[in-house]
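Enquirer: below: sequence and its predicted model.
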Protein chains: 2
Amino acid sequence: MIHVGVFGYGTVGSGVVEVLTKNEKVIEKNVGEKVKVKAVLDLREFHGDPFENLIVHDVKEIVEDEDIDVVCETMGGVNAAYEFTKMALSNGKSVCTSNKELVALHGPELINLAKKHNCSYKFEASVGGGIPIIRPLQDAITADEIKAVIGIVNGTTNYMLTKMDKEEADFNDVLKEAQELGYAELHPEADVEGFDAARKIAILSSLVYGKTVNYEDVHTEGITNISSRDFRYAKHLGKTIKLLAKFENRDTGSYAIVAPFFVDLESPLSNVNDVYNAILVRGNMLGDAMFFGKGAGKLPTASAVCADVVECAKNKGKHLPCNWEDESVKLDGFDNSVKNFFVRVKAEDRELTEEIFGEVEKVNEGFFDEFAFVTKEMTEADFASKKALIGPCINVIRLQK
Amino acid sequence: MIHVGVFGYGTVGSGVVEVLTKNEKVIEKNVGEKVKVKAVLDLREFHGDPFENLIVHDVKEIVEDEDIDVVCETMGGVNAAYEFTKMALSNGKSVCTSNKELVALHGPELINLAKKHNCSYKFEASVGGGIPIIRPLQDAITADEIKAVIGIVNGTTNYMLTKMDKEEADFNDVLKEAQELGYAELHPEADVEGFDAARKIAILSSLVYGKTVNYEDVHTEGITNISSRDFRYAKHLGKTIKLLAKFENRDTGSYAIVAPFFVDLESPLSNVNDVYNAILVRGNMLGDAMFFGKGAGKLPTASAVCADVVECAKNKGKHLPCNWEDESVKLDGFDNSVKNFFVRVKAEDRELTEEIFGEVEKVNEGFFDEFAFVTKEMTEADFASKKALIGPCINVIRLQK
């Protein structure tokens, strides 16, 4: 019998208890022995909840319980979660988490701590919710040089952009609606400014490198500037707009970026709508493989946490290695990376703009107060210096190839 | 140093040599030691080929070479491949294959033989080419009851159906073109009659059950009856037509089917076009996760074979377990499975048809020589008995939910 402790009885934590209970039989078959939740740490009481008798208020009741083999950290945040995770790992208990902030911030340290104590630190649920992506990246795509990882990894912004695309709605209206539906938080900055996606691409690209990509080094732009006019232009060009979290490993250097991109309707990423997520992995031999599914939500995320529990339970007393070292990767390829840029400037800036950018592809959507165009392929550095000459643009959106 | 032997220097086999050579460094990093091709078995000579000095003509030069740890079986067919695979496994050499016929026919026996000799039999490349699907199904989606696997797993037919959809072309013209391009074989039955897809869904559903689903037990219909008119009707209904390979695990029993289906344009499967493949896995907690990529082709398929080589190399001397027993699964759920059916009959059969099927959704596309409709939800058995009463239909296509 494998005993499980859970840190945090919120959305994902209660999902974990539900999955481990409802799918008891299939999990027992996959592990080879029974898996049972023994204790759930939460400060609150849950009177009337079917698992109320499992609730404990002191972390020691889990980390010092010799019966408990695996802990699910589903409390979120970094302070207490970090301390509690270290306590569990130091006592030889594997920890399975959905906490992307903590993984992005302290992943390699926690993996090393787990190694030292013959247990594991697993985080499949930290990116892409229920979609298996961490495991395929580590265990399945192992004969390829990974040239790029391109993800739609934030459900809130994808829901909003899908809505803006289909209903020609404006950002603020869609945000308000998403907040009312509970898809966006009252303080939505982490989502709409791209910070959440930046943490996730930092995790994925760290796994590609085996070294740490700091999320502060991800060039991050959110979707707050995207308007219904941008979608009109996108449609005109046979494209849509997606917030992409990308990592590219090029001869000219590597870089990571989170930003809204024009995505061609022929790309499989263009059809990833609503709260769905997808992660496309580009190998030098494999070509493009894409992993698609529910990027958030109680049960899909809990399913991924519990799949990690299954693996830890099958490997009790052993460390499951993870190739992610503390050493930082230098991402020096952003300035030299080459793209086409879609640019909107005020009508009166047209002449100056044409002078500076030379030959461009004009995009006429009948808005006479502005001038819109797509640049030739150019480096980020070249674009930035040209843009500085024309002053403030209405908007700039990169094109995804 | 890990030494690799290759059976068959055809498309996939030469791809394997190319991947192991070109990606030598990343593979060494992932394995922890160098991996090198030592010998390639083929009856032919390859004068001028950069690897011609590795070619051997006697299988013993591989299976009796004590240096060789892993063999890639990329020769296809069942007779020689079966014998050679057994020889390799009996000598403790792991075998990684892309040979779906052999896996569907002798999978559990070869897994057991590998177990007995402390080596492994791996077959990621046998389904979905380069797409990681076998490994996620076995190692990643382990906390879910898998309710369904729905795949577009045959590139030839998907190429043809995409072409018929986009160009309103007819089956025979598209087949001819596909043959000229080398996408379809001169004897295309294995593809267009659905047999290839049936083998693949038999493999995937065997892994879900841990027991053998015989491919002869898969209800198999091909695409040879699909015409441009069917696509006209599909468009009218906001759908397209895909050859789906499905396995469903329902309370009323399980069944596997390969057949053309009307797929809603909202479904992620509807956008899987040309030679791309996708496999959707439906878990009771996870919901739908989909794996998408190149389902065939030299390098994508070789990439999957080589990922298996990496895993075998990392686990030299150990058996990598695979939960697939020889015992057969009884698939008794087909007759009771419930669907909507799209039916076309001759105009003169309309009255009789309406009498027999009762209330139906008529689909009027302006073809006055026929009557087309979608039935209410009904079981396969109920549909079959009603259909028997009206005699031959022009065509019947099931609707995918």
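Expert: Structure's in. What do you need? Numbering: from 1, shown residues only, chains lettered A, B, ... in the order given.
Enquirer: give me the nearest residue to the residue of the stretch 301-401 of chain A at minimum distance from chain B, chain neighbours excluded.
Expert: Nearest to chain B, among the residues of the stretch 301-401 of chain A, is A:C306, at 3.4 Å (CB to the nearest CB). All C-beta atoms are positioned from the backbone trio N, CA, C, and that covers glycine. Nearest residue to A:C306, sequence neighbours excluded (CB to CB, 6 or more residues apart in numbering or on different chains): B:A143, at 3.4 Å.
Enquirer: contacting residues for the one you found?
Expert: Counting by CB atoms under 8 Å, 6 or more residues apart in numbering or on different chains, B:A143 makes contact with A:V19, A:L20, A:N23, A:V26, A:I27, A:N30, A:S303, A:C306, A:A307, A:V309, A:V310, B:M285.
Enquirer: do the same with A:R250
Expert: A:K147, A:G333, A:S337.
Enquirer: secondary structure element for the first one?
Expert: To tie it back to what came earlier, the one meant is A:K147. strand A:146-152 (DSSP states H and E).
Enquirer: let me know the helix or strand that A:Y159 is in.
Expert: Counting by DSSP H and E, A:Y159 is part of helix A:155-167.
Enquirer: just the buried residues of whichever helix or strand comes after that helix, please?
Expert: Going down the chain from helix A:155-167, the next helix or strand is helix A:171-180, by DSSP H and E. Under the neighbour-count criterion of 16 or more other CB atoms under 10 Å in any protein chain shown, helix A:171-180 has A:F171, A:V174, A:L175, A:E177, A:A178 buried.
Enquirer: quick check, the last one in contact with A:M160.
Expert: Yes: shown here, A:A178 and A:M160 form a contact pair, counting by CB atoms under 8 Å, at 5.5 Å.
Enquirer: could you tell me which residues touch both of these two?
Expert: Taking CB under 8 Å, 6+ apart as the criterion, A:A178 and A:M160 both touch A:A184.
Enquirer: re earlier: packing partners for the helix holding A:Y159?
Expert: Here helix A:155-167 touches helix A:171-180, helix A:189-192, helix A:228-236, strand A:239-250, strand A:276-283, going by 3 or more CB pairs under 8 Å, 6 or more residues apart in numbering or on different chains; DSSP states H and E.
Enquirer: let me have these in TSV, adding distance to B:L102 as columns.
Expert: Converted to TSV, the helices and strands packed on helix A:155-167 look like this (distance: least, CB to CB, whole Å):
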stretch	distance to B:L102
helix A:171-180	51
helix A:189-192	49
helix A:228-236	48
strand A:239-250	36
strand A:276-283	26
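Enquirer: element containing the residue located most distally from the centre of chain A, please.
Expert: Largest separation from the mean C-alpha position in chain A: A:E351, at 40.7 Å (CA atoms, centre = their mean). Assigned by DSSP H and E, A:E351 falls within helix A:350-357.
Enquirer: for that helix, give me every contacting residue.
Expert: A:V343, A:V345, A:V360, A:F371, A:F373, A:T375, A:K386, A:L389, A:I390.
Enquirer: among these, which are in strands?
Expert: Within these, residues falling in strands by DSSP state E are A:V343, A:V345, A:F371, A:F373.
Enquirer: closest one of those to A:I131?
Expert: Nearest to A:I131 out of the ones in strands among the contacts of helix A:350-357 is A:V343 (CB to CB; 33.7 Å).
Enquirer: correct me, but that closest one touches A:M378?
Expert: No: at 11.3 Å, A:V343 does not count as touching A:M378 under the criterion of CB under 8 Å.
Enquirer: those two: who's more crowded?
Expert: For A:V343 versus A:M378, neighbours defined as other CB atoms under 10 Å in any protein chain shown are more numerous around A:V343 (23 against 16).
Enquirer: please report how far the more buried one lies from A:V208.
Expert: In this view, A:V343 and A:V208 are 31 Å apart by CB to CB, to the nearest Å.
Enquirer: could you list the domains of chain A?
Expert: Residue ranges for the domains of chain A, per automatic domain parsing: A:2-129+A:298-314, A:134-294, A:338-400.
Enquirer: nearest approach to B:D196 belongs to which of those domains?
Expert: Nearest of the domains of chain A (CB to CB): domain A:134-294, 20.4 Å.
Enquirer: got a list of what the spatially most central residue of chain A touches?
Expert: The geometric centre of chain A, computed from its C-alpha atoms, lies nearest to A:K200 (CA atoms, centre = their mean), at 3.4 Å. With CB under 8 Å, 6+ apart as the criterion, the residues that contact A:K200 are A:K100, A:A104, A:S126, A:V127, A:G128, A:G151, A:V153, A:N154, A:A245.
Enquirer: please produce TSV containing those residues, extended by neighbour count.
Expert: Formatted as TSV, these follow (neighbours: other CB atoms under 10 Å in any protein chain shown):
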residue	neighbour count
A:K100	22
A:A104	26
A:S126	27
A:V127	30
A:G128	30
A:G151	30
A:V153	31
A:N154	29
A:A245	30
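Enquirer: which stretches of chain A have low pLDDT?
Expert: The model of chain A has no residue with pLDDT under 70.
Enquirer: mind running it again at 90?
Expert: For chain A, the stretches with pLDDT under 90 are A:181-186, A:250-252, A:266, A:275, A:295-297, A:330, A:359, A:391, A:401.
Enquirer: if we can go back for a sec, wasn't the residue nearest to A:C306 part of a strand?
Expert: No: the assignment for B:A143, made by DSSP: H, G, I helix; E, B strand; the rest coil, is coil rather than a strand.
Enquirer: ok, it to A:I226 distance?
Expert: 37 Å.
Enquirer: so A:A125 lies in a helix, does it not?
Expert: Yes: counting by three-state DSSP, A:A125 is part of a helix.
Enquirer: that one is in contact with A:V305, isn't it?
Expert: Yes: A:A125 is in contact with A:V305 according to CB under 8 Å; the separation is 4.6 Å.
Enquirer: need the overlap of contacts for those two.
Expert: By CB under 8 Å, 6+ apart, A:A125 and A:V305 have these common neighbours: A:V12, A:C96, A:T97, A:S98.
Enquirer: out of the residues you listed, which comes closest to chain B?
Expert: A:C96 (10.4 Å).
Enquirer: coming back round to it: which other residues reach the strand holding A:K147?
Expert: A:127-128, A:137, A:158, A:197, A:200-201, A:204-205, A:208, A:242-250, A:269, A:272, A:276-284, A:295, A:400.
Enquirer: please redo it, this time with the cut-off set to 6 Å
Expert: Residues outside strand A:146-152 that contact it (CB atoms under 6 Å, 6 or more residues apart in numbering or on different chains) are A:158, A:204, A:208, A:242, A:244-249, A:272, A:277-284.
Enquirer: and it with strand A:276-283, angle?
Expert: With axes from the mean of the first three to the mean of the last three CA atoms, to 10 degrees applied, the angle from strand A:146-152 to strand A:276-283 works out at 170 degrees.
Enquirer: parallel or antiparallel, which strands does strand A:146-152 pair with?
Expert: In the sheet containing strand A:146-152, its partner strands are strand A:239-250 (antiparallel), strand A:276-283 (antiparallel), by DSSP bridges.
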